[in-house]
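Asks: just to be clear, the model below is a prediction. Sequence and coordinates:
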Amino acid sequence: MAAEKQVKAEKKATVADPEAASIDAATQQMIRRAQELGVETVFDRAVTMKPCNIGTQGICCKNCGMGPCRLPLPKGGIQGEDTRKGLCGASPNTIAARNFIRMIAGGAAAHSDHGRAVAEVFMTAARKETDAYRIKDTHKLRQVAKWLDVDTEVEVDGEMKDRDLDELAVEVGEKALAEWGKAEGEVLFAKRAPKARYEIWKKQGVVPRNIDREIVEIMHRTHIGVDQDYKNLMKQGTRAAIGDGWGGSMLATELQDILFGTPYPLSSEANLGVMKADMVNLVIHGHEPVLSEIIVAVAGSQKWQDYAKSKGAKGIQLSGICCTANEVLQRHGVPPCGTFLQQELAIITGACDAMVVDIQCIFQNLANVAKCFHTKLITTHPIARMEQDNVIHIEFDEHHAMEDAEKIVKLAVDNYGNRKTEVMIPKQKASIIAGFGVESIEYHLGGTFRGSYYTLNDNIINGRIRGIGGVVGCNNARTRHNEGHIEVVKELIKNDVIVLTTGCNAIACAMEGLLTPETAGVFCGPGLAEVCETVGIPPVLHLGSCVDNSRILLAAAEVVKAGGLGNDISDLPAAGSAPEWMSEKAISIGHYFVASGVYTVFGVTLPVTGAPVFQDYLFEEFEKMYGGMWDLEVDPIKHARKMIAHIDKKRKALGIDKARERILVDMDSRRAMESA
Ligand code: BF8
C-alpha cells in the first residue's frame, strides 16, 4: 500500500523533492526557495521530463531523413542472432558506435575549439597586439617550445644562448596553431606520452594527424552509408579522443598556463555561501579563462572597488560556476559558488547582480530565471548567444579586453541597487586548497631541492598510497546531485587511493570540504593519511578545469618516468571515474583515458547498453589493445570498489601487492655490495 502511494505521489510530482535531488544543504535550500517563488529549475524539469529509454541505450539512429530508426532491445534480451536493423540495414553495433563517436567528436570539438581560441589570444599577446595579456610563465614557455619542435637556444659567436623570449613566443604560437590543421605529420604532444604508449598508438594506427581532421572525419564516417564496422568506427573515435586529450585540451592547458600563470596551491572557499549580501555579486560562468582573467583584474582594482562603494556596496565579490570557476580559482583563489547544477540557484539567491557567461555548460533557462530577479545575464562569445530578449550581449575581443571587462563590471555594480527580491544566500561554504598541477605535485612530494615523482612512486611501492584515482566530470540531473561524486571519492581515499580531480567533481569535493589537508585524518586510510599529513597536502588534489584533465595525463606520464611502476600508463595502479557525467566532453575524456591505458568507470548510464556486442568491445576487447577499458557502475560504492580492484590487479602485476619499505643502504652495506 505504502509503495503504491509512493508511486502515485511520484506520478503526480511536478517539482523536485529537494532532499532527493541533492546531498548538499545549500542546494536543497535554494531548490525550496525557487519553488516558493514559483521559479522552475533543472531539478523540477528532471521530474517532469523522463528520458527516452532507446536513446539512453545508444540505439536510436537519426543520422538521415528516413529515421529516426529505433532498435529497442527485445523483452527478455537477445536470444540467438541479433536481427535488429535500421532502414538502411545498420546494426545496433553500428548505430551505437556512430552515436558514441559523434559524442567524442562533440566533446573533442568543444575542448579543442576552446584551445584554439586560447592559442589565438596567445598569438595576439606574443605579437604584442594587446596590452591586456602578456606571457607570464617564461619557464613553461621554454618547456613547451621543445615539445613543439621550437628551438629555445640560438648560436651567437659560437656559443649557444637562450633565444629572445618575444621571438620564441611568436614561434610557439605559430606552431601551436598549426596543430589544429597542419597538412602533414602528427599531433606533436602525442610524444609526451610514455614511449610504450606512443608505440601502441602507432601499432593501432591512431596517432592523430591534426586536431580538426580527426573530428571532421568522424562526421564523415558517421554519415549514412559510410563506415559500417563498429571496430573501425571506434578506431577513428580513439584517434579523435587522443587528439583531444594529448592535443587540443593539452594545448589549452599549457598555453593558458604560459599566458595566465601556472597554478600553485592556494586557499579559498566553495559553495553558494561565498556570495555576500552586502557586496556586488558578479558570477563568472563557462569555460574559457581569457575573459574571466581580465574581469578578475578589473573587479579587484581600487577604481572598481571604490565605484562599488559609491553605490552603497562593501565591494565586489566575484565567484564562479563550472570550469571558468576552476580556472579563476586555481590561479587567483576566486571562490566557486557551485557546480553545473547550481547555476540557476546562484541567481535564485536574489543577490546575483550579474552573471557573465562564455561557452559550454550554460543553461538556456538562466535567462528565464534571471527574468524573475534583477540579475543581468551577459553573454560574451560570438558562438554562444541566447534567444531571450533580457540577455545582454557584450562581445568580448582580446584587442579591447579591458574595455569589455569594465563594461561588464560596471553593469554588475550599477545593478546592485536594483535587487527586488529578498536576498537569501545559504550559509554553507567550505574552506579549500586548490590549484595543484604536474609541477606542484612534484614540488610538494619531492621538496624544493629534489622535486620529483620518486617520492610519490616510493609511497605507492611501499603501499602507503594504494593507487591513484582520477575522478572527474559533471553533475547529471538524472542522479542525486553530488552523491556519486562524494561517495566514490570518500570510498577511494578511505582505501588509501589518492584522488586527482577536475571539473565539477573538483567543485563537489570542494563544497564537501575534501580539499583540505585536515580531511586526511578524518576520511583517509592510515597510509594515505600519513603521507598527506607529512607533506601537508589534501588527499584530493584539485587539478583544475576539464581541459586540465591533460594535467592528469602528464602526471601519469611523470609517474611512469620516475620508475618502479612499469613502462606505461596502463601498468600503473590507477583508475579513472566520472560518477555523474552528462556531457559529450565527458565521453571524449573517458575515451582518451581509456586509450591512454586507464580503466575508466562511468556512473549514471552509458549509451552503449542497447548494443551488447559493441559494449563488450569497449568493456573487454579494448583492454587487449590499449590496456585500458570502459566500465559502467551506477552504485557509487561498487563503482569505487571496481576501481580499487583494478588498482590491486595492477599492484599484483607489478609485484608490489605486499607492503614493503624501501631499505636504506648505509655505507657499510654499499661497500659490501660493491666488493661482492
Ligand atoms: O567542462 S564537468 S558539467 S563544467 S562538462 Fe560542464 Fe561537465 Fe562540469 Fe566543465 Ni566538464
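Replies: Looks like it arrived, so ask away. Numbers count the residues shown, from 1 in each chain.

Asks: use CA for all of it now, contacts and neighbours both
Replies: Will do.

Asks: tell me how many other residues crowd the residue in the stretch 1-150 of the chain positioned nearest to the ligand.
Replies: For the stretch 1-150 of the chain, the residue closest to the ligand is H111, as judged by CA to the nearest ligand atom, at 8.1 Å. Residue neighbour count, defined by other CA atoms under 10 Å, stands at 27 for H111.

Asks: which helix or strand contains the nearest residue to it once chain neighbours are set aside?
Replies: Closest residue to H111 apart from its sequence neighbours, by CA to CA, 6 or more residues apart in numbering: S249 at 5.6 Å. Assessed by DSSP states H and E, S249 sits inside helix 249-260.

Asks: cool, D631 as well?
Replies: Here D631, judged by DSSP H and E, is contained in strand 630-632.

Asks: assign a three-state SS to the residue in the chain that the ligand sits nearest to, would you?
Replies: Closest residue of the chain to the ligand, CA to the nearest ligand atom: C474 (3.3 Å). On the three-state scheme (DSSP: H, G, I helix; E, B strand; the rest coil), C474 is labelled coil.

Asks: from R551, how far off is G627?
Replies: Going from G627 to R551 by CA to CA, to the nearest Å gives 20 Å.

Asks: those two - which one has more neighbours?
Replies: More neighbours surround R551 than the other of G627 and R551, with 26 against 21 (other CA under 10 Å).

Asks: is that one in a helix, a strand, or coil?
Replies: Applying three-state DSSP: R551 is helix.

Asks: contacting residues around it?
Replies: 250, 253, 437-438, 543 (CA atoms under 8 Å, 6 or more residues apart in numbering).

Asks: any stretches of the protein with poor pLDDT?
Replies: Within the chain, the stretches with pLDDT under 70 are 1-12, 446-451, 659-676.

Asks: 90 instead?
Replies: Flagging of the chain using pLDDT under 90 yields the residue ranges 1-14, 76-78, 80, 131, 397-399, 420-421, 439-455, 535, 658-676.

Asks: quick check, central residue of it?
Replies: The residue lying closest to the centre of the chain (CA atoms, centre = their mean) is C546, at 2.1 Å.

Asks: phi and psi next, for that one.
Replies: Dihedral pair for C546: phi -70, psi -40, per degrees, to the nearest 10.

Asks: is it in contact with C323, as I believe?
Replies: Yes: the pair C546 / C323 is scored as a contact, 6.6 Å apart, by CA atoms under 8 Å.

Asks: so what sits against both of those two?
Replies: Among the neighbours of C546, those also in contact with C323 (CA under 8 Å, 6+ apart) are G503.

Asks: now the strands for the stretch 1-150 of the chain?
Replies: 60-61, 69-70 (DSSP state E, counting those that start in this stretch).

Asks: hang on, the earlier thing: return the residues in contact with the nearest residue to the residue nearest to the centre of the chain once chain neighbours are set aside.
Replies: Distances taken as CA to CA, 6+ apart place G503 nearest to C546, at 4.8 Å, with adjacent residues excluded. When contacts are counted by CA under 8 Å, 6+ apart, G503 touches 322-323, 326, 472-474, 544-546.

Asks: cool, and R466?
Replies: Under the criterion of CA under 8 Å, 6+ apart, the neighbours of R466 are 460, 495-498, 573, 647-648.

Asks: mind doing that once more with 7 Å?
Replies: Neighbour list for R466: 460, 496-497 [criterion: CA atoms under 7 Å, 6 or more residues apart in numbering].

Asks: with P336 instead?
Replies: Per CA under 7 Å, 6+ apart, neighbours of P336: 270-271, 319-321, 325, 329.

Asks: assess the claim that L366 and Q342 are in contact.
Replies: No: with contacts counted by CA atoms under 7 Å, L366 stays clear of Q342, the gap being 10.8 Å.

Asks: neighbour count for those two, which is higher?
Replies: Neighbours per residue (other CA under 10 Å) separate L366 from Q342, with Q342 holding more: 24 against 21.

Asks: excluding sequence neighbours, find me the nearest residue to the more buried one.
Replies: With sequence-adjacent residues excluded and distances taken as CA to CA, 6+ apart, Q342 is closest to T27, at 7.0 Å.

Asks: compute the number of surrounding residues for the one you found.
Replies: 24.

Asks: same question for A575.
Replies: Other residues within reach of A575, judged by other CA under 10 Å, total 29.

Asks: partner residues bridging it?
Replies: G469, Y599 (DSSP bridges).

Asks: from I95, how far off is it?
Replies: A575 sits 28 Å away from I95, going by CA to CA.

Asks: what's the answer for K650, then?
Replies: Distance, K650 to I95, by CA to CA: 34 Å.

Asks: so those two - more neighbours on which side?
Replies: Neighbours were counted for K650 and for I95 using other CA under 10 Å; I95 has more, 29 against 21.

Asks: contact partners for that one?
Replies: Taking CA under 7 Å, 6+ apart as the criterion, I95 is in contact with 59, 61.

Asks: how near is I101 to Y592?
Replies: From I101 across to Y592, the span is 12 Å (CA to CA).

Asks: give me the element the residue lying closest to A25 once chain neighbours are set aside is part of.
Replies: Residue nearest to A25 in three dimensions, not counting chain neighbours: Q428, with 7.4 Å by CA to CA, 6+ apart. Taking DSSP H and E as the definition, Q428 sits outside all helices and strands.

Asks: what about Q428, how many residues close to it?
Replies: Other residues within reach of Q428 by the criterion other CA under 10 Å amount to 17.

Asks: thought it was touching A26?
Replies: Yes: counting by CA under 7 Å, Q428 does reach A26; the two are 5.9 Å apart.

Asks: any residues in contact with both of those two?
Replies: Listed as contacting both Q428 and A26 by CA under 7 Å, 6+ apart are L272.
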